[in-house]
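Chemist: Coordinates only, no sequence provided:
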């Protein structure tokens, strides 16, 4: 993670550099170089700053105004017919947290992975509740195609720490190694265990959340906002907690892009006879030929999901 220089921005006299660490509506909390946190507001109708943004802000009494958002390396977001929901910017990776029970949605998982691929952000899949033997076994088997695609995968049993310590210290150590020195967005459906994971890795998270809510004069709970927490005192490792979701819209993805954003499809789509192949019915289609082969590297469930997504995204454009 690059260091932010503790200086005023030369092109915007009087402004200071900062990092957006929380957002509630149009209010954001900006962290200064020395760790102080200041409520800031966007100037006029300029674009909203996102958690993870490096910004130039202008102090005004005990608050501030966002004058400029520095160029972003990426933005992770979802989009449905009604609106776009941006989670965070300048990410190193996305940890997609799903649970063995209740059974996770493969459609939601696929959609989140496609959004990560489109934003060129590394995804990690974490399956929670490994202590529930039978449901976890079913979930882990269901994830076999994703392991075969090369996605990094992690098993977790997120439990609060007790007086006797963390019973799953090995899992925690593995997770800490994966996020070390990176900005990681924790993403997942409601109830998957995102807040429990944050509280496990950052024991002071509840206190920090209360302070942020008070500072922003907001009664909203952390699950309705996106918040960045530093895991270490050096502020080199960041965990970003995001709101849970039940739907994950991909309206920002063109249907003809889908195959190239799904690794198991992409490697066979290069063998198609036609450059504009939809992989649904065309002769000489590399994907369909792979589906027909036994064994196939594309599961029937994945092909069904592709067809549903292609139809869904095609309809939104007409």
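Modeler: Received the coordinates, thanks. Computed from a predicted structure; not experimentally measured.
Chemist: For the stretch 1-150 of the chain, give me the ranges with low pLDDT.
Modeler: Scanning the stretch 1-150 of the chain for pLDDT under 70 picks out the ranges 1-11, 45-47.
Chemist: go with 80
Modeler: Applying pLDDT under 80 to the stretch 1-150 of the chain flags residues 1-13, 24-26, 44-47, 81-82.
Chemist: the strands in it, which residues?
Modeler: Using DSSP state E, counting those that start in this stretch, the strands of the stretch 1-150 of the chain run over 16-24, 27-31, 37-42, 54-60, 63-69, 75-79, 84-89, 93-99, 122-128.
Chemist: Give me the residues contacting the fourth one.
Modeler: To tie it back to what came earlier, the one meant is strand 54-60. Strand 54-60 is contacted by residues 4, 9, 12, 14-20, 30, 38, 40, 49, 64-70, 90 when judged by CB atoms under 8 Å, 6 or more residues apart in numbering. In this view, the C-beta of every residue, glycine as well, is placed from N, C-alpha and C.
Chemist: any chance you could map the strands in the stretch 201-318 of the chain?
Modeler: Under DSSP E, counting those that start in this stretch, the stretch 201-318 of the chain gives strands at 226-230, 238-241.
Chemist: now these in a markdown table, with distance to residue 282 and mean neighbour count?
Modeler: Output for the strands of the stretch 201-318 of the chain, formatted as a markdown table (distance: least, CB to CB, whole Å; neighbours: other CB atoms under 10 Å):
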| stretch | distance to residue 282 | mean neighbour count |
| --- | --- | --- |
| strand 226-230 | 41 | 22 |
| strand 238-241 | 41 | 24 |
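Chemist: What residue spans form the domains of this structure?
Modeler: 16-69, 75-241, 255-315 (automatic domain parsing).
Chemist: Which one, of those, ends up nearest to residue 249?
Modeler: Closest approach to residue 249 among those is made by domain 75-241 (3.1 Å; CB to CB).
Chemist: what comes up buried for stretch 303-318?
Modeler: 303, 305, 306, 309, 310, 313 (16 or more other CB atoms under 10 Å).
Chemist: which residues touch the last one?
Modeler: This means residue 313. 250, 251, 253, 254, 255, 258.
Chemist: same check, this time on the fifth one
Modeler: Neighbour list for residue 310: 255, 258, 278, 280 [criterion: CB under 8 Å, 6+ apart].
Chemist: And the third one, what's its pLDDT?
Modeler: Model confidence at residue 278, expressed as pLDDT, equals 97.
Chemist: Quick check: it touching residue 256?
Modeler: Yes - between residue 278 and residue 256 there is a contact under CB atoms under 8 Å: 7.3 Å.
Chemist: between these two, which one's more packed in?
Modeler: A count of neighbours by other CB atoms under 10 Å puts residue 278 above the other of residue 278 and residue 256, at 18 against 14.
Chemist: what residues are up against the more buried one?
Modeler: Residue 278 makes contact with 255, 256, 310, according to CB under 8 Å, 6+ apart.
Chemist: Could you do residue 307 as well?
Modeler: Contacts for residue 307 (CB under 8 Å, 6+ apart) come out as residue 280.
Chemist: What of residue 49?
Modeler: By CB under 8 Å, 6+ apart, residue 49 lies in contact with 20, 23, 28, 40, 42, 55, 66, 69.
Chemist: where's it relative to residue 65, distance?
Modeler: Note on residue 49: its distance to residue 65, by CB to CB, to the nearest Å, is 11 Å.
Chemist: quick one, helices of the stretch 151-300 of the chain?
Modeler: With DSSP state H, counting those that start in this stretch applied, the stretch 151-300 of the chain shows helices at 169-179, 194-201, 205-215, 263-269, 286-292, 300-315, listed in chain order.
Chemist: Okay, buried residues for the fourth one please.
Modeler: Buried residues in helix 263-269, counting neighbours by 16+ other CB under 10 Å, are found at 263, 264, 265, 267, 268, 269.
Chemist: Residue 57: neighbouring residues, count only.
Modeler: 28.
Chemist: how much space between it and residue 17?
Modeler: Shown here: residue 57 relative to residue 17, a distance of 8 Å by CB to CB.
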